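> Return atomic coordinates for the entry below.
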Amino acid sequence: MHSFLASPKATIEVLQQFGLYTKKKLGQHFLIDDNVIAHILELADIHSEDIVVEVGPGIGTMTTALVETPAKIVAVEFDKELPRVLKRTVVQRHATEDGELQNFALVLGDAAALPASAIAAPFGEPTCLVSNLPYQVAATVVLRYFEIFESMQSATVMVQAEVAQRMAATPGNKNYGAYTVKLNLLARASKMFAVSRQSFLPPPRVESTVIRLDRCTLVPSREEYDRIALVIDGAFAQRRKTLRNNLKTSLSLSSEVVEAACAAVGIDPSVRAEMLTVEQFIALADALQE
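Residues are numbered from 1 along each chain as shown. Below you'll find the predicted structure:
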């Protein structure tokens, strides 16, 4: 699958045609490298039964390639100026003889705040997220969508390189924090590749990475996830403090309770939270509940 928009010439023509300009406040950097589009779709491995959600379709650079797959595509766009562009670049270009595009729907709104029901309304709950994400909301959107859509089995997304490093970080790494652990309760990074700044118009000041995350089944329910996430947030409340001190202060627990729970699962309460594995956090949360 390819995108006719993935070139400087085509992108500039569309922007000029509609009197648009890149909006830095929305983090709009348009992808102009068709090889990157092809690599993203290869990594996403989309099938006919998939319902794909794309956040931040922009002028439709990736969308026009996505709708050529046999899957159903739901695009979520915040910029109210872009639906008229997407109608031209995506709907009209790919429509059947009756003028319809049956496998595409556009939802207008803030992807980080829209209720799950609004995104699921066109075709049902999404099975995967495939996006060149607006960098300001990238980390939030990925975690939130794995949280609110149990149906979502994977996310293949373009994010700032530092965000990808947080998503894929391991214990003891400086990028490993509460976000990493909560994400890893639901999904794990499997593959990634770097993207040159010159693949965008205008070139961003930051490095970019495409990362694929696949759902894992470490927690049986949203209730369990929320309970463990509370312990994770408490443990990382002040990064330089010990596990004991953070849990005492953040969760209003006594030293005796914290130390007994740590002892029950073989964790040293004097270490920092960044040294614990995801599985250890699960065990610790269970011990604290007893």
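
> remind me which residues of the stretch 51-200 of the chain are low pLDDT?
Where the stretch 51-200 of the chain drops to pLDDT under 70, the residues are 99.

> which stretches of it form strands?
51-55, 72-77, 104-108, 128-132, 154-160, 187-195, 200-201 (DSSP state E, counting those that start in this stretch).

> What is the shortest one packed up against?
Using 3 or more Cβ pairs under 8 Å, 6 or more residues apart in numbering; DSSP states H and E as the contact criterion, the neighbours of strand 200-201 among helices and strands are helix 8-17, strand 30-31. Every C-beta, even on glycine, is put in place using the N, C-alpha and C of the backbone.

> got a list of contacts for that strand?
Residues outside strand 200-201 that contact it (Cβ atoms under 8 Å, 6 or more residues apart in numbering) are 8, 11, 12, 22, 29, 30, 31, 32, 208.

> that older thread, mind putting the helices and strands packed on strand 200-201 in TSV, mean pLDDT, mean neighbour count and distance to residue 117 included?
Output for the helices and strands packed on strand 200-201, formatted as TSV (pLDDT from 0 to 100; neighbours: other Cβ atoms under 10 Å; distance: least, Cβ to Cβ, whole Å):
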stretch	mean pLDDT	mean neighbour count	distance to residue 117
helix 8-17	90	14	32
strand 30-31	90	22	30
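
> do you know which of the strands of the stretch 51-200 of the chain lies nearest residue 220?
Across the strands of the stretch 51-200 of the chain, residue 220 has its closest neighbour in strand 187-195 (15.4 Å, Cβ to Cβ).

> Tell me the strands beside that closest one, with direction?
Looking at strand 187-195 with DSSP bridges, its partner strands are strand 208-215 (antiparallel).

> Return the alpha-carbon coordinates of the strand it pairs with using CSV.
C-alpha atoms of strand 208-215 as CSV (Å, rounded to 0.1, in the frame of the first residue of the first chain):
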residue,chain,number,x,y,z
SER,A,208,11.1,10.2,15.5
THR,A,209,10.6,6.5,15.9
VAL,A,210,7.9,4.0,14.7
ILE,A,211,7.1,1.4,17.4
ARG,A,212,4.8,-1.5,17.5
LEU,A,213,3.3,-2.7,20.8
ASP,A,214,1.3,-5.9,21.2
ARG,A,215,-1.2,-6.5,23.9
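
> what angle do it and strand 154-160 make?
Calculated by axes from the mean of the first three to the mean of the last three Cα atoms, to 10 degrees, strand 208-215 forms an angle of 160 degrees with strand 154-160.

> following strand 208-215, which helix or strand comes up?
Per DSSP states H and E, the first helix or strand lying C-terminal to strand 208-215 is helix 222-235.

> list the contacts for the closest residue to residue 50 other than its chain neighbours?
Using Cβ to Cβ, 6 or more residues apart in numbering and skipping the chain neighbours, the partner closest in space to residue 50 is residue 71 (4.0 Å). Going by Cβ under 8 Å, 6+ apart, residue 71 touches 46, 47, 48, 49, 50, 51, 52, 103.

> Now which of these would you call buried?
46, 50, 51, 52, 103 (16 or more other Cβ atoms under 10 Å).

> re the thing from before, let's have the contacts of strand 200-201 in JSON lines, adding distance to residue 289.
Formatted as JSON lines, the contacts of strand 200-201 follow (distance: Cβ to Cβ, whole Å):
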{"residue": "8", "distance to residue 289": "56"}
{"residue": "11", "distance to residue 289": "53"}
{"residue": "12", "distance to residue 289": "57"}
{"residue": "22", "distance to residue 289": "49"}
{"residue": "29", "distance to residue 289": "45"}
{"residue": "30", "distance to residue 289": "48"}
{"residue": "31", "distance to residue 289": "46"}
{"residue": "32", "distance to residue 289": "51"}
{"residue": "208", "distance to residue 289": "41"}
